[in-house]
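Asker: Provided below are the primary sequence and the corresponding predicted coordinates.
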Amino acid sequence: MEREILHCDCNSFYASVELLDHPELRSRPVAVCGDPSGRHGIVLAKNEPAKRMGVQTAETIWQAMRKCPDLVLLAPRREKYKEYSKIVNDIYNQYTDLVEPFGIDESWLDITGSRHLFAPSARAVAHQIREQVKAQTGLTISVGVSFNKVFAKLGSDYKKPDAVTVISRANFRQLVWPMPVGALLYVGSAVERALTGMGIHTIGQLAAADPAALADRLGKLGRELHRYACGEDTAPVRPAGQHEPVKSVGNGLTFRRDLAGREDVHTAVTALADEVAGRLRRYGVYATGVQLTIRSPALATITRQKKLPFSTQLGRELTEACMQLADANWSYAQPIRMLTVTAQGITDQPLAVQLDLFGEAAASDPRRARLEKSMDAIRQKFGHAAIGAASQLNNDMGLDDLSIDLPTKEKEK
């Protein structure tokens, strides 16, 4: 049986939720932005009038205002977005138990086994869901309908807002293959540059490329992207509540002031690694590697990685590894605007990555493990700020911002 997959994407989600409380602004250009005073002054979302003026997600506020001097700026209300995300996903769950969220405003639905209960076609179900979301929430969604997840997502992006697009086996070559290769799922800017260097600019050219050549340039991702372009994605839509295995856990922050010197960097890395380690413990997984990303005020960026001698879920051990990377790759005479700490090589088992010369496995410090788990319990009961490193007290870097749930996607449409 041919699968029937929907990808439902809330249109301009953050901005649309804000306009529910500000209907008088619907015809005016509006953007939801971070706090400029905290150096998070970028556009998180914009409505259609702002989009027509050239305002783009992730650009700075001053860039947006230069394009659109009349732009209305609204502060984000993340709890409100979570509330509406739950309402919308509850609607999806009325049509199937196979609902897989992809960020706060997108979800895949597999209606293969349930579609006959609602309508004669997947397209009709998509329209039914679209109208129900609009009636119950005032929000609009765009829906892609296809036989796999990758093409369903391309369908939801194909026509916006408030639309349904069907990408079938009969028409995907006409609809999908002329699209720019950067539109394909998991083709980020670095991968797009690599493909462009190979003369691949469209999804059709990617489908026609030699899989071996793609693998030589991009590793196993190259073959995977080739399958996607050819319509051979077979990934399942995971049931509600079942998530894809964690592959990496990271946290980054743009600081309120530039970091100056090793002590500043150590304080910031400690806070970031502590957050990452807490999430590792919450997921019940361990890291076997770590990545540190450093960005200067001029936006020059370096990324360095290293394997760990043993798997860990402890902040102190992540901090030590990151500081080794910083010491070896950065001059502390240069200021730092942003840092990101990412735990990599995720495993659900504690294990040794390297053995010493006598065959004995290195291991994580059990006393430190008990201490950090006790800190988890205190924070769960009294809040994140209840306990932490002394160096973080009364800091002026903005480390208190780490307790905020930030958007998980690079782009919010």
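Answerer: Yes, it's here. Numbering: from 1, shown residues only.
Asker: surely Leu253 is within a strand?
Answerer: Yes - secondary structure of Leu253 (DSSP: H, G, I helix; E, B strand; the rest coil): part of a strand.
Asker: immediately after the helix or strand containing Tyr14, which helix or strand?
Answerer: Using DSSP states H and E, Tyr14 maps to helix 13-21. As assigned by DSSP H and E, the chain's next helix or strand after helix 13-21 is strand 30-33.
Asker: for that following strand, the distance to its chain's centre please.
Answerer: 19 Å (Cα atoms, centre = their mean, to the nearest Å).
Asker: just checking: what are the partner strands of it?
Answerer: If you go by DSSP bridges, strand 30-33 pairs up with strand 43-46 (antiparallel), strand 72-74 (parallel).
Asker: deepest in the core, which of the ones you listed is it.
Answerer: strand 43-46 (a mean of 25; mean count of other Cβ atoms under 10 Å). C-beta here means a position set from N, CA and C on the backbone, and glycine is covered the same way.
Asker: can you list the neighbours in contact with that one?
Answerer: With contacts defined as Cβ atoms under 8 Å, 6 or more residues apart in numbering, strand 43-46 is touched by 12-15, 29-34, 55-61, 64, 76, 407, 412.
Asker: out of those, which are buried?
Answerer: 12-15, 29-34, 55, 57, 59, 61, 64, 76, 407, 412 (16 or more other Cβ atoms under 10 Å).
Asker: helix/strand/coil for the residue nearest to Asn329 when sequence neighbours are not counted?
Answerer: Using Cβ to Cβ, 6 or more residues apart in numbering and skipping residues adjacent in sequence, the residue nearest Asn329 is Arg304, 5.1 Å away. Following three-state DSSP, we place Arg304 in the strand state.
Asker: I figured Asp348 hits Tyr286, correct?
Answerer: Yes - at 7.4 Å, Asp348 counts as touching Tyr286 under the criterion of Cβ atoms under 8 Å.
Asker: between the two, which is the more surrounded one?
Answerer: Tyr286 (22 against 12; other Cβ atoms under 10 Å).
Asker: specify the beta-bridge partners of the more buried one.
Answerer: Thr347.
Asker: that one reaches Ser311, doesn't it?
Answerer: Yes - Tyr286 is in contact with Ser311 according to Cβ under 8 Å; the separation is 3.8 Å.
Asker: got the buried residues for stretch 331-347?
Answerer: Within stretch 331-347, the residues scored as buried using 16+ other Cβ under 10 Å are Ile336, Arg337, Met338, Leu339, Thr340, Val341, Thr342, Ala343, Gln344, Gly345, Ile346.
Asker: the stretch 101-250 of the chain: strands as residue ranges?
Answerer: 106-110, 141-146, 164-167, 249-259 (DSSP state E, counting those that start in this stretch).
Asker: helices and strands around the shortest one, which ones?
Answerer: Which is strand 164-167. Using 3 or more Cβ pairs under 8 Å, 6 or more residues apart in numbering; DSSP states H and E, the elements in contact with strand 164-167 are helix 122-137, strand 141-146, helix 149-158.
Asker: what's in contact with the helix or strand where Tyr81 lies?
Answerer: According to DSSP H and E, Tyr81 maps onto helix 78-93. With contacts defined as Cβ under 8 Å, 6+ apart, helix 78-93 is touched by 8, 10, 13-14, 17, 99, 101, 104-105, 107, 109, 129, 132-133, 136-137, 139, 141, 240, 404-405.
Asker: mind checking which of those are buried?
Answerer: 8, 10, 13-14, 17, 99, 101, 104-105, 107, 109, 129, 132-133, 137, 139, 141.
Asker: which residues touch Cys8?
Answerer: So Cys8 contacts 88, 92, 106-109, 126, 129-130, 133, 141-143, 156 (Cβ under 8 Å, 6+ apart).
Asker: now do the SS call for it.
Answerer: Looking at Cys8 with three-state DSSP, the answer is strand.
Asker: how near is it to Phe102?
Answerer: 10 Å (Cβ to Cβ, to the nearest Å).
Asker: what does Glu224 give?
Answerer: Distance from Glu224 to Phe102, by Cβ to Cβ: 17 Å.
Asker: what do you get for Leu214?
Answerer: 24 Å.
Asker: more neighbours, those two?
Answerer: Leu214 (23 against 17).
Asker: number of residues surrounding the nearest residue to His226 once chain neighbours are set aside?
Answerer: In this structure, His226 finds its nearest non-sequential neighbour in Pro211, 4.7 Å apart by Cβ to Cβ, 6+ apart. By other Cβ under 10 Å, the residues close to Pro211 number 14.
Asker: cool, and the one 5 residues further on?
Answerer: By other Cβ under 10 Å, 11 other residues sit near Asp216.
Asker: renumber starting at 247 from here on
Answerer: That works, and once the first residue is 247, the last one we named lands at Asp462.
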